[in-house]
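Engineer: I'd like to go over a predicted model; first the sequence, then the structure.
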Amino acid sequence: MRGRSLPHTPTLDGIRAIAVLTVFAHHVFPWSGIPGLGVDVFFAISGWLITRILLREFDKNGKINLGKFYAKRALRLYPPLLVTVATFLLLWFTQGQPFTKVLESSAWSLTYLSNIAMTAGWSQVLHLAHTWSLAMEEQFYVIWPLVLILMLTLKMPRGLMLTLLGVGTAISFASWVLLPDQPFNPISRAGAMLVGCAVAILVEKKPWQNTPIAYIAALAITGVVFAHTFADFNYTATTWIVIGLTPLVILHAAFGQSFITRLLSAPWLVYIGVISYEIYLWHYPIFRAVRDTGDFTGAQVGLITLILTLTASALSHMVLAKPIAKFRARIDSPKPAPEAVLVPA
């Protein structure tokens, strides 16, 4: 894989789509019993993808440009978040909600500290409570590249790197079990990211295309999710089974070709995956606004939330994400060499 670019994988967008749809159903239709495990799927994708990008850059250039890495992440993530927070800050203010609380929630969200604030009991972050996962991702983006650069600079053997990631995952699992009343604890929720990082290191040089194992993993994930939804299967077991098996599906989506990849590459599913970040940002505050300000039934709340969320997400992606993506692409583009000037002899 030396020098080879990352594969173009619309199937990963299909996975993102399924993940965000399960989160949507978990929040908007809580009576459905569908677990909100899509967040952990996003975490696993982030761990795998970011580690793969960083390893490829180090392999190619012998170093990692942290400034460029952080700039690209900020350009993709922060503008949509800022617009969403500002929109609902204005909405709640005009509706006479306690402005101090709303302002506090906005501040925790915009500083990517909402997970810590909620874990410490400083704030519940109200209509922006879902930004705890965005805080987790951003903290990962800040810390993990520094740790990985240190490991690579020290020329740490890959086996030792994997061992350390395994220890970190075990600590995360132990924290999850020992602190069940802290669902937003950064240590408890880091496990999926660490698993994704470990898998990226495992397949650093060689694509992984084990289709039978991918099928087994996909079926097992589907089975435990259905068991949790309809038979009250243990939530901790469900979560960690999904965390452990999701990277196998991600790898197959990135490198394999099968019925699974064709299914995940359905155009409508890919589009939902492309705007999944915007859907995640908008769906929860819209749901809270519709639920709290109108006299609607549960089904009506869900339908209105779905329509408004898709509309806001599509507009946000078109107006913000696409133009910014073009600008981000320029960051990666090498500067053209100056034209040679022919001087007569």
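Structural biologist: All right, it came through fine.
Engineer: okay, buried residues for the helix ranked longest in the chain please.
Structural biologist: For the chain, the helix with the greatest residue count under DSSP state H is helix 66-94. Across helix 66-94, burial judged by 16 or more other C-beta atoms under 10 Å covers 69, 72-73, 77, 79-81, 83-85, 88-89, 91-92. Bear in mind the C-beta positions are built from the backbone N, C-alpha and C, glycine included.
Engineer: let me have those in a markdown table, extended by pLDDT and distance to residue 240.
Structural biologist: Listed next are these as a markdown table, based on pLDDT from 0 to 100; distance: C-beta to C-beta, whole Å:
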| residue | pLDDT | distance to residue 240 |
| --- | --- | --- |
| 69 | 93 | 29 |
| 72 | 90 | 31 |
| 73 | 92 | 27 |
| 77 | 94 | 27 |
| 79 | 95 | 34 |
| 80 | 95 | 30 |
| 81 | 96 | 29 |
| 83 | 95 | 35 |
| 84 | 95 | 31 |
| 85 | 94 | 32 |
| 88 | 90 | 33 |
| 89 | 87 | 37 |
| 91 | 82 | 38 |
| 92 | 79 | 37 |
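Engineer: mind checking pLDDT for the residue nearest to residue 47 when sequence neighbours are not counted?
Structural biologist: Using C-beta to C-beta, 6 or more residues apart in numbering and skipping the chain neighbours, the partner closest in space to residue 47 is residue 196 (2.4 Å). Looking at residue 196, its pLDDT stands at 95.
Engineer: contacts for the host helix or strand of residue 196 next, please.
Structural biologist: Under the criterion DSSP states H and E, the helix or strand holding residue 196 is helix 191-202. Residues from elsewhere that reach helix 191-202 (C-beta atoms under 8 Å, 6 or more residues apart in numbering): 40-41, 43-52, 55, 136, 140, 144, 148, 158, 161-162, 165-166, 168-169, 172-173, 176, 240, 243-244, 246-247, 250-251.
Engineer: mind giving me the ChimeraX command for buried ones among the residues you listed?
Structural biologist: Buried residues among the contacts of helix 191-202 (16+ other C-beta under 10 Å), as a ChimeraX selection:
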select :40,41,43,44,45,46,47,48,49,50,51,52,55,136,140,144,148,161,165,168,169,172,173,176,240,243,244,246,247,250,251
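Engineer: restricted to helices, list the contacts of helix 191-202.
Structural biologist: 40-41, 43-52, 55, 136, 140, 144, 148, 158, 161-162, 165-166, 168-169, 172-173, 176, 240, 243-244, 246-247, 250-251.
Engineer: ok so, going back, list the helices and strands the longest helix of the chain packs on?
Structural biologist: Counting contacts by 3 or more C-beta pairs under 8 Å, 6 or more residues apart in numbering; DSSP states H and E, helix 66-94 packs against helix 99-110, helix 132-153, helix 276-293, helix 298-316, helix 322-332.
Engineer: and the fourth one with helix 276-293, angle?
Structural biologist: If you take axes from the mean of the first three to the mean of the last three C-alpha atoms, to 10 degrees, helix 298-316 sits at 140 degrees to helix 276-293.
Engineer: could you give me the average pLDDT of helix 298-316?
Structural biologist: 93.
Engineer: same question, the second one
Structural biologist: Across helix 132-153, the average pLDDT comes to 96.
Engineer: packing partners for that helix?
Structural biologist: Taking 3+ C-beta pairs under 8 Å, 6+ apart as the contact cut, helix 132-153 packs with helix 38-61, helix 66-94, helix 114-120, helix 191-202.
Engineer: chain center to stretch 15-34: distance?
Structural biologist: Stretch 15-34 sits 14 Å away from the centroid of its parent chain (C-alpha atoms, centre = their mean, to the nearest Å).
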